[in-house]
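A.B. asks: dropping a prediction and its sequence here:
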Amino acid sequence: MKRIGVLTSGGDASGMNAAVRAVVRTAAAAGCAVVGIRNGFKGLLEEDFCQLPPRSVADILQRGGTILGTARCPEFRQPDGPERAVEIARRHTLEGMVVIGGDGSLKGATAMAKAGLPVVGIPATVDNDIPCSEYTLGFDTAVNVVIEAIDRIRDTATSHERTFVVEVMGRESGAIAMESGLAAGAEAVLVPEHPYDLADVAERIRSGFQKGKKHGIVVVAEGAGSGIEIGRSIQAASGLETRVTVLGHVQRGGSPTARDRLLAAELGARAVTILLAGEATDGQVVVVQRGQIANVPLATALTGQCEIPAALLDLVEVLAR
Ligand code: F6P
């Protein structure tokens, strides 16, 4: 292959830029040019392209967001969208494509591979909800942002002897809530994957104060319920003054952690290596499995479910004693 494309799509995630850099430089080392596609599949259909020589990706690995931009694209989801995209890629002599993004982006990548273009997906989403990979780009950075926020909230909670509900991202995934809640020593973590009983949570917080605790912290994934409503219920049930903080989009941006940078380097390099070796004609996705970088067919990338082990929720409770 002499020319490939790269695009970022879906919600931005820290490490996307580092992955673009890894793609461009790995391809350059193999004598392959990379064309950047602005604003995801939308830019592909609008032929909004830019050349990405190796120097063009200098000074981006430490930046959050995506220099290529990202956008939602209903046109791509039309029945002829993927075929049109592949026809445009071919007209621009792109022999393969790297798609960096979450589940929607990987679905788009799968459709383009089906339409005949060799494609490799790189999982990138703060939600860490791609079943075939233990980690997605951006997750570690988001978890660290949340931990820092909870540490700060804990200072205030302790000073005022208050309860705080912290709502974190994850419309359908409790991954951020689970890891940040456990790492930051929350009293309870509520995730969409498991049922919960607010009366029980309120009682746990109340008895914690009785045992001498100075704070009560409940981390809620947005998909498990509204932080504001959960805060109201806990206050009503426990009689304790309860405040709510919704962290929102502060979790998506910012400089990637070491872990996300390393992952971006390895996933980006692997994506290009398999593309250039002709191993992605059926569509592949680069993943972390048992701690190792690997690749699996895109067609199976989204089958199965990401689980939050109930044992981790129990551990939160045990450690909050
Ligand atoms: O990137 C995934 C995600 O963070 C979800 O957890 C969240 O609900 C969603 O994006 C919100 O993104 P937007 O506001 O861009 O639609």
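C.D. replies: Yep, that arrived.

A.B. asks: interface residues of the stretch 51-200 of the chain facing the ligand?
C.D. replies: Selection of the stretch 51-200 of the chain residues close to the ligand by C-beta under 6 Å from any ligand atom yields 125-127, 169-171. Just so you know, the C-beta spots here come from the backbone N, C-alpha and C atoms, and that holds for glycine as well.

A.B. asks: buried ones among these?
C.D. replies: Neighbour counting by 16 or more other C-beta atoms under 10 Å classes 125-127, 169-170 among those as buried.

A.B. asks: can I get the residues you listed in a markdown table with distance to T158?
C.D. replies: Output for these, formatted as a markdown table (distance: C-beta to C-beta, whole Å):
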| residue | distance to T158 |
| --- | --- |
| T125 | 33 |
| V126 | 28 |
| D127 | 30 |
| M169 | 25 |
| G170 | 26 |
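
A.B. asks: which of those sits closest to the ligand?
C.D. replies: Using C-beta to the nearest ligand atom, M169 comes nearest to the ligand of these, at 3.8 Å.

A.B. asks: which strands or helices does the helix or strand harbouring R243 pack on?
C.D. replies: Using DSSP states H and E, R243 maps to strand 242-246. Where contact means 3 or more C-beta pairs under 8 Å, 6 or more residues apart in numbering; DSSP states H and E, strand 242-246 is packed against helix 139-160, strand 163-168, helix 227-238.

A.B. asks: could you check how many residues crowd around R243?
C.D. replies: The local packing of R243 (other C-beta atoms under 10 Å) involves 15 other residues.

A.B. asks: quickly list what it is bridged to.
C.D. replies: Note on R243: beta-bridge partners F164, judged by DSSP bridges.

A.B. asks: that one and E161 touch, don't they?
C.D. replies: No: using C-beta atoms under 8 Å, R243 makes no contact with E161, being 11.8 Å away.

A.B. asks: ok, back up a step: and the next helix or strand after the strand holding R243, how far from the chain's centre?
C.D. replies: The first helix or strand that comes after strand 242-246 along the chain, using DSSP H and E, is helix 258-276. Remark: helix 258-276 is offset 16 Å from the chain centroid, using C-alpha atoms, centre = their mean, to the nearest Å.

A.B. asks: which strands and helices sit next to helix 258-276?
C.D. replies: Partner elements for helix 258-276 (3+ C-beta pairs under 8 Å, 6+ apart): strand 3-8, helix 16-29, strand 96-101, strand 119-123, helix 139-160, strand 284-289, strand 292-297.

A.B. asks: if we use 6 Å, what do you get?
C.D. replies: Under the contact criterion of 3 or more C-beta pairs under 6 Å, 6 or more residues apart in numbering; DSSP states H and E, helix 258-276 touches helix 16-29, strand 119-123, helix 139-160, strand 284-289, strand 292-297.

A.B. asks: briefly note if the first one comes near the ligand.
C.D. replies: No: in terms of C-beta under 6 Å from any ligand atom, no part of helix 16-29 sits within range of the ligand; the closest distance is 11.3 Å.

A.B. asks: buried stuff in that helix?
C.D. replies: Neighbour count says helix 16-29 has 16-28 buried, by 16+ other C-beta under 10 Å.
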